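>>> output the structure for:
(one chain, ligands or ions: 1)
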Amino acid sequence: MAMEGKAESLTLTERIRVNGVPTESSLASNGTLRWKGSDGGERCLTVESEVLGFEAEGLRITVRAFVGAFKGVSCGGGSFGKRTRRDYVLELPTEEAAIRWSERLRDCINSLGRPKMLFIIVNPFGGKKCGRTIFHNEVKPLLAAADIPYTMQETKHQLHAQEIAYSLDLLKYDGIVCVSGDGVLVEVLNGLLQREDWDAAIKVPLGIIPAGSGNGMAKSLLDSVGDLYSVCNATFAVIRGYKRSLDITTVLQGEMKFFSILMLTWGLVADIDIESEKYRWMGSARFDFYSLLRVMNLRRYHGHVQFVPAPGYESYGEPVKQDSSCMGKTILTEQGQINNAKVQSCGYLGPVASLDGLEWRSIDGPFVSVWINNVPWAGEDAMLAPEAKFSDGCLDAVIIRECPKSALLALMLKMSDGSYVKSPYVTYLKVKAFRLEPGQRVGNPSKGGIVDSDGEVIARGDRANDAKHQDNLMSYGPPIQMTVDPGLATIFSPR
Ligand SMILES: Nc1ncnc2c1ncn2[C@@H]1O[C@H](COP(=O)(O)OP(=O)(O)OP(=O)(O)O)[C@@H](O)[C@H]1O
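Below is the predicted model of the structure:
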């Protein structure tokens with residue numbers, strides 16, 4: 001019969017065939033489908049966490065699922081490990097029953113708030129230049145199975161994603177998804193925040209499907225719920241439509257401004273990231289090779305950092321006298337440029353909270369490395385900020401000053417799981433705002449370092465190469481300030 005009991009009045013029950021095997025089966029109002037397998041063991045599928053979509057034809061309903069590799073052995077929640085696509089063909093006894101079950105499945109899916117239309121940006125040149133293949137072979141089939149229509153656009157040049165986000169008709173879409181590395185996602189964010197309607201635009205959910213060489217955001221999102229890092233899992237997170245809010249950091253120097261969601265690095269880590277570019281032909285071995293080289297020929301940089309400590313971190317550094325806080329309120333009124341494109345005066349200006357009256361503290365150099373993070377993972381195998389949270393309104397600062405080379409090598413080997421932060425040479429603290437005043441190399445005053453935000457070189461202190469790098473957004477030397485707007489953006493996230 002079709003319906004059962006009072007408590008279960010909304011549970012549909014039928015004797016049906018599942019993949020050809022006759023069985024008693026039920027479909028609860030919460031979207032849990034249960035039946036018995038040919039071995040008598042209980043099977044179940046949960047619409048919210050395992051079903052992409054379905055197709056109904058006559059007495060047949062084909063449920064398109066994305067299930068854990070061991071699915072079929074037993075029911076139950078927990079981590080899904082590696083998932084695979086699997087179809088379950090349900091054969092209902094009557095047309096009325098088939099209609100009831102289809103309507104139930106449709107209602108369940110519709111109640112989940114999944115995106116109905118997406119704009120997808122694919123970078124065919126990111127990482128190993130696989131963006132297009134990843135989209136066609138892995139992303140597209142899952143979207144098709146979930147019946148989610150989309151408009152896809154490939155990026156044709158640097159900053160193209162930023163231009164697209166700046167002018168896109170956002171009312172047509174329930175999300176903008178980047179099949180790329182972190183760089184394109186950051187371009188989209190900057191494009192949205194330059195818009196006249198930035199406050200509405202920034203509410204559009206963003207999605208990231210990893211296809212670059214730096215995929216820290218995708219890794220951070222998947223890892224936060226114990227999901228395996230994979231293109232399919234990242235795609236499924238977008239399809240399920242669950243979202244979380246994300247802190248936006250305004251990186252500011254005078255009139256120049258950049259919006260960041262990942263990190264800012266200076267010193268050792270930035271040098272390795274950027275200077276190892278010339279060894280790209282080595283593949284990922286370039287990082288190991290160049291890290292070793294840099295540690296052996298260790299550079300230290302003069303400079304100062306100032307910060308507003310988050311609660312619990314007030315004892316770090318030394319107090320700063322109020323009048324030496326150099327930027328104060330200017331953030332509220334200045335307009336900036338992003339990659340030399342003038343920001344509209346109506347674009348986002350930065351957090352509205354004043355920095356006046358806050359208790360700033362400071363640490364003086366020389367420094368080996370300074371990096372400030374918004375999310376735990378900087379790349380798929382580098383957990384630089386194990387305590388970082390997506391929307392706690394804080395940045396996680398990691399500071400290394402003096403450190404013997406052997407200890408530095410040892411701690412770099414422990415970056416893949418974040419345990420390096422336990423080293424006595426590492427200062428790890430949460431801050432509400434941060435200022436970096438980067439100086440020249442110890443023993444070589446004509447050379448400065450590199451300041452890198454989300455993979456973008458924003459300032460470079462190598463005077464010999466100044467002419468070559470005039471297009472950098474900011475100057476090397478004057479303070480660069482970072483302030484956080486808690487949870488300003490929204491990102492598709494696995495639950
Ligand atoms: N068609 C294109 N040709 C060249 N560069 C492009 C193109 N489309 C996008 N880009 C640029 O590629 C850069 C890297 O993009 P993406 O975020 O996909 O990868 P990444 O992992 O951050 O970097 P990379 O793979 O270059 O190390 C961005 O700066 C972006 O502007």
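>>> what domains does the record give for this protein?
Here the domain parsing of the chain from automatic domain parsing is 12-110, 118-241, 252-485.
>>> among those domains, which is nearest residue 494?
Of all these, domain 118-241 sits nearest to residue 494, with 4.1 Å by CB to CB. C-betas here are computed from N, CA, C, even on glycine.
>>> burial measure for residue 443, as a count.
Residue 443 sits with 9 neighbouring residues when counted by other CB atoms under 10 Å.
>>> for it, give me phi and psi.
Per-residue torsions, residue 443: phi 80, psi 0 (degrees, to the nearest 10).
>>> and it, what pLDDT?
If you check residue 443, the pLDDT there is 95.
>>> gap between it and residue 462?
Separation of residue 443 from residue 462 (CB to CB, to the nearest Å) stands at 15 Å.
>>> quick check: residues of the chain near the ligand?
By CB under 6 Å from any ligand atom, the part of the chain that sits against the ligand consists of 123-127, 155-160, 180-184, 187, 212-214, 455.
>>> so among those residues, which ones count as buried?
Buried members of the residues of the chain next to the ligand, counted by 16 or more other CB atoms under 10 Å: 123-127, 155, 159-160, 180-184, 187, 212-214, 455.
>>> quick one: what helix or strand has the one residue sitting closest to the centre of the chain in it?
Among the residues of the chain, the one closest to the centroid is residue 217, at 2.4 Å (CA atoms, centre = their mean). Using DSSP states H and E, residue 217 maps to helix 216-224.
>>> show me what that helix is packed against.
Secondary-structure packing of helix 216-224 (3 or more CB pairs under 8 Å, 6 or more residues apart in numbering; DSSP states H and E): helix 182-193, strand 206-210, helix 231-240, strand 377-379.
>>> will you turn those into CSV that also has mean pLDDT?
Listed next are the helices and strands packed on helix 216-224 as CSV, based on pLDDT from 0 to 100:
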stretch, mean pLDDT
helix 182-193, 97
strand 206-210, 98
helix 231-240, 97
strand 377-379, 94
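>>> residue 84: which of the ones you listed is closest?
Of all these, helix 231-240 comes closest under CB to CB, at 8.6 Å.
>>> next structured bit after the closest one?
strand 243-253.
>>> give me the sheet partners of the next helix or strand after that next one and which way each runs.
Moving toward the C-terminus from strand 243-253, the next helix or strand (DSSP H and E) is strand 256-260. Next to strand 256-260 in the sheet, as set by DSSP bridges, lie strand 243-253 (antiparallel).
>>> so which bits of the partner strand are buried?
For strand 243-253, by 16+ other CB under 10 Å, it's 243, 244, 246, 247, 248, 249, 250, 251, 252, 253.
>>> kindly report the same for stretch 200-215.
Applying 16+ other CB under 10 Å to stretch 200-215 flags 201-202, 204-215 as buried.
>>> swap in stretch 413-429?
Counting neighbours by 16+ other CB under 10 Å, one finds that the buried residues in stretch 413-429 are 415, 418, 420, 421, 423, 425, 426, 427, 428, 429.
>>> now render these as CSV, adding secondary structure and pLDDT.
CSV is the format used below for the buried residues of stretch 413-429 (DSSP: H, G, I helix; E, B strand; the rest coil; pLDDT from 0 to 100):
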residue, secondary structure, pLDDT
415, coil, 92
418, coil, 96
420, helix, 96
421, helix, 96
423, coil, 96
425, coil, 97
426, strand, 97
427, strand, 98
428, strand, 98
429, strand, 97
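>>> out of these, which comes closest to the ligand?
residue 415 (17.8 Å; CB to the nearest ligand atom).
>>> who touches the closest one in this structure?
For residue 415, the contacting residues are 382, 383, 384, by CB atoms under 8 Å, 6 or more residues apart in numbering.
>>> pLDDT-wise, what's the bottom of these?
residue 382 (92).
>>> so what's that one closest to, chain neighbours aside?
Excluding the flanking residues, the one nearest residue 382 by CB to CB, 6 or more residues apart in numbering is residue 415, at 5.1 Å.
>>> what do you get for residue 371?
Residue 371 sits nearest to residue 265 (CB to CB, 6+ apart), 4.2 Å away.
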